[in-house]
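1. Pasting a predicted model and its sequence here:
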Amino acid sequence: MSRAYDAVIVGAGPNGLVAANHLIDADWSVLVLEAQAEVGGAVRSAEDVHPGFVHDTFSAFYPLAEASPTIRSFDLEEHGLVWQHAPAVLGHPTKDGQWAMLHRDRDVTARLMDEQHPGDGAAWLELCGQWDRIGDQMVKALLSPFPPLKNGLGALARLRSVGGLEFVRSMLTPAAELGLAKFGGTSPRLLIAGNAGHADIPLHAPGSGLMGILMSMLGQTVGFPVPQGGAGELTKSLARRFTSLGGEIHCSSEVSRILVDGRRATGVRTTDGEKFAARRAVVADVAAPNLYGGLVPEADLPVRTVRAMKSFELDPGTVKVDWAIDGGVPWASAPPHAPGTFHIADSVEEMTEALGQVSARAIPASPFMLAGQMSTTDPTRSPPGTEALWAYTHVPQSAVRDAGEGGIRGEWDRDDCERFADRMQARIEEVAPGFGSKILARRVLGPREMESRDANLIGGAINGGTAQLHQELIFRPVPGMGRAETGIRGLYLGSASAHPGGGVHGAPGMNAARAAIAHTRVRELLPATLRR
Ligand SMILES: Cc1cc2nc3c(=O)[nH]c(=O)nc-3n(C[C@H](O)[C@H](O)[C@H](O)COP(=O)(O)OP(=O)(O)OC[C@H]3O[C@@H](n4cnc5c(N)ncnc54)[C@H](O)[C@@H]3O)c2cc1C
């Protein structure tokens, strides 16, 4: 082996970098190996769509990072990170010229809701009040290793103050039904259901309501911030902190094998044949299907893992379009406050139908889109008076038909991608007539381009596996796991494929690093002859 470290981290996505920072804080020697030419994984940005415009290649808004005790604990502002916020967190325009709006000031959100349906403002403020009492404990419980004893008990202790079982019931109510009971107008329902659409949970399934409320309440408490200068500034600040403490990062260094000896991970080998020894741990910021049976051959895995991985379920694929826009988005009716994030669907029912088509393996006829006005949120992203804009939507991993009229085949070659991007663009045109004439440049990333830029995005799956209940908690990535341990001593799964899943909060990376430290302490208490 060429060099030995206490830990080798495979992958410099946010989770790999969080694990690296935690291990270096524990005085371990740490090497990070990254396949791509730069760090960041799905948190990167570049001036590669149009000169003078910085576009985020994948993810863009980071409420989960801002709410994450792990990421906050690194004081990334001292390493160059500056957060920026749009005038309004989230907007949802409909063809009748109305906007559903989530403003960071909850009183403004409530006033706008009341203008559309008197009484909804008070109901929204009541929801915010409940969240104030229990939300912090819930977020901490969601982000801690399973079972979340301390924070789970903390949340339970607060349950009575928010209405007890009635509150639990509303969290378990699917997003499509949730707003119906609470609100008379359409805006709160659109906001909650649209926010639920950030995960791949069908809007009629349990878990979607919790996701919708979680994202809406994060919007109301921490906002949807973005790093000034581009998404990549977040992961670069994690990398800068790590290297300032003596950590090493090798980019363009793809790991092809985790070396295993007697059911213990001992190091890694890269595609160009270099070997690096790991004295204490290997942390894999790698999608589960690429780790189990890929970087670790089946023969080295416990039989139960090999068997369980056969039913591992990816989340759907993704098509993302980036535009450089001259003069801003020509909204048919101007929003009361300019939003950073916006959602495109004409009703909760249309959103439900589009997501249902994806579940039924059809390419959606009227895709439900998540979108972002990045220059509105962070004016450094493009010249004054222009907009760096994006939208993405989900498509089936393997499509059986096109629910629309375009005969898109689901091959996701250039032809499919461009024609589907036309369909997405037409959706924006419906609420912003003349949008097409403002376009200076357009780039379409389909499932294949996503995976080639980040191997974890298998078939354009953005969350490291479905976020539906049957693959969460103790079922993530396969039944019985739910933690970072892999069944191979010294190897830890620290990517979004591990509990608690996708999103930039760093929890899988932190859980993996903590597990590695805890096991090492126990192992190093043993006499050398008994250590394995
Ligand atoms: C289009 C899109 C939009 C999103 N929007 C948001 C959003 O707005 N907000 C949010 O919170 N989340 C969002 N997400 C999700 C979020 O980006 C991911 O959940 C998060 O990046 C997962 O982090 P990770 O470290 O587990 O994996 P990744 O970020 O995917 O990083 C994995 C890294 O490991 C490297 N790697 C993989 N295999 C190897 C190997 N064999 N050898 C060496 N290196 C390897 C990859 O190159 C990559 O750099 C989005 C994701 C996508 C794709």
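-> Good, I have the coordinates.

2. for the lengthiest helix in the chain, the distance to its chain's centre please.
-> In the chain, taking DSSP state H as the definition, the longest helix is helix 120-143. Centroid separation between helix 120-143 and its chain, computed with CA atoms, centre = their mean, to the nearest Å, is 21 Å.

3. Show me the contact partners of that helix.
-> 67-70, 106-107, 109-114, 148, 151-152, 154-155, 158-159, 161-163, 167, 182-185, 187-188, 213-214, 217-218, 220-221, 500, 505, 507 (CB atoms under 8 Å, 6 or more residues apart in numbering). Where C-beta positions appear, they are placed from N, C-alpha and C, glycine not excepted.

4. Repeat that for stretch 170-182.
-> With contact meaning CB under 8 Å, 6+ apart, stretch 170-182 is reached by 123, 127, 188-189, 192-193, 196, 201-206, 208-213, 348-349, 352.

5. Which among those residues count as buried?
-> Among the contacts of stretch 170-182, the ones that count as buried by 16 or more other CB atoms under 10 Å are 123, 127, 188-189, 192-193, 196, 201-203, 205, 208-213, 348, 352.

6. for residue 510, what are its contacts?
-> Listed by CB under 8 Å, 6+ apart, the contact partners of residue 510 are 18-19, 22, 70.

7. ok, the residues you listed vs residue 387, which is closest?
-> Comparing the contacts of residue 510 against residue 387 with CB to CB places residue 18 closest, at 31.3 Å.

8. mind checking pLDDT for the closest one?
-> At residue 18, the predicted lDDT confidence score is 98.

9. Over to the one 3 residues further on?
-> pLDDT for residue 21: 98.

10. Quick check: closest non-adjacent residue to it.
-> Excluding the flanking residues, the one nearest residue 21 by CB to CB, 6 or more residues apart in numbering is residue 242, at 5.1 Å.

11. again, but for residue 22
-> residue 513 (3.9 Å).

12. for the residue in the stretch 51-200 of the chain positioned nearest to the ligand, phi and psi?
-> Residue of the stretch 51-200 of the chain nearest the ligand, by CB to the nearest ligand atom: residue 59 (3.1 Å). Per-residue torsions, residue 59: phi -80, psi 160 (degrees, to the nearest 10).

13. got the angle between the helix-or-strand element of the chain with minimal mean pLDDT and helix 120-143?
-> For the chain, counting by mean pLDDT, DSSP states H and E, helix 149-158 ranks last in confidence among helices and strands (a mean of 77). If you take axes from the mean of the first three to the mean of the last three CA atoms, to 10 degrees, helix 149-158 sits at 150 degrees to helix 120-143.

14. In PDB, list the C-alpha atoms belonging to helix 149-158.
-> Once non-C-alpha atoms are left out, helix 149-158 reads as follows in PDB (Å, rounded to 0.1, in the frame of the first residue of the first chain):
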ATOM      1  CA  LEU A 149     -33.600   8.100  22.000                       C
ATOM      2  CA  LYS A 150     -32.700  11.500  23.400                       C
ATOM      3  CA  ASN A 151     -34.400  13.700  20.900                       C
ATOM      4  CA  GLY A 152     -37.300  11.300  20.400                       C
ATOM      5  CA  LEU A 153     -38.000  11.500  24.100                       C
ATOM      6  CA  GLY A 154     -37.600  15.300  23.900                       C
ATOM      7  CA  ALA A 155     -40.300  15.400  21.200                       C
ATOM      8  CA  LEU A 156     -42.600  13.100  23.100                       C
ATOM      9  CA  ALA A 157     -42.300  15.300  26.200                       C
ATOM     10  CA  ARG A 158     -43.600  18.300  24.200                       C
END
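
15. how about the strands in the stretch 51-200 of the chain?
-> 55-56, 83-84, 88-93, 99-102 (DSSP state E, counting those that start in this stretch).

16. So in that sheet, which strands flank the first one, and in what orientation?
-> Yep, that's strand 55-56 we're talking about. Strand 55-56 has these partner strands in its sheet, going by DSSP bridges: strand 45-46 (antiparallel).

17. What is the burial count for residue 272?
-> Neighbour count for residue 272, taken as other CB atoms under 10 Å: 9.

18. Likewise for residue 299?
-> For residue 299, the number of neighbouring residues by other CB under 10 Å comes to 8.

19. Distance of it relative to the ligand?
-> According to CB to the nearest ligand atom, to the nearest Å, residue 299 and the ligand sit 19 Å apart.

20. Could you do residue 46 as well?
-> Residue 46 sits 14 Å away from the ligand, taking CB to the nearest ligand atom as the criterion.

21. Repeat that for residue 410.
-> From residue 410 across to the ligand, the span is 18 Å (CB to the nearest ligand atom).

22. Enumerate the positions of stretch 349-359 that are buried.
-> 351-355, 357-358.

23. Around the ligand, pick out the residues from the stretch 1-150 of the chain.
-> Residues of the stretch 1-150 of the chain lying near the ligand by CB under 6 Å from any ligand atom: 10-16, 33-36, 41-43, 58-62, 64.

24. Surely residue 279 is in a strand?
-> Yes. Counting by DSSP: H, G, I helix; E, B strand; the rest coil, residue 279 is located in a strand.

25. Packing partners of the least confident helix or strand of the chain?
-> Packing contacts for helix 149-158, counted by 3 or more CB pairs under 8 Å, 6 or more residues apart in numbering; DSSP states H and E, involve helix 120-143.

26. May I see the buried residues of the helix it packs on?
-> Residues of helix 120-143 classed as buried: 120-121, 123-125, 127-128, 130-131, 134-143 (neighbour count, 16+ other CB under 10 Å).

27. Ok, stretch 338-348 next?
-> In stretch 338-348, counting by 16+ other CB under 10 Å, buried: 338-346, 348.

28. That one vs the ligand: in contact?
-> No. Using CB under 6 Å from any ligand atom, stretch 338-348 never reaches the ligand; the gap is at least 8.1 Å.

29. So for that stretch, first residue to last residue, what's the gap.
-> End-to-end span of stretch 338-348 (CA to CA, to the nearest Å): 22 Å.

30. quick one, phi psi at residue 465?
-> Residue torsions, per degrees, to the nearest 10, at residue 465 are phi 130, psi 150.
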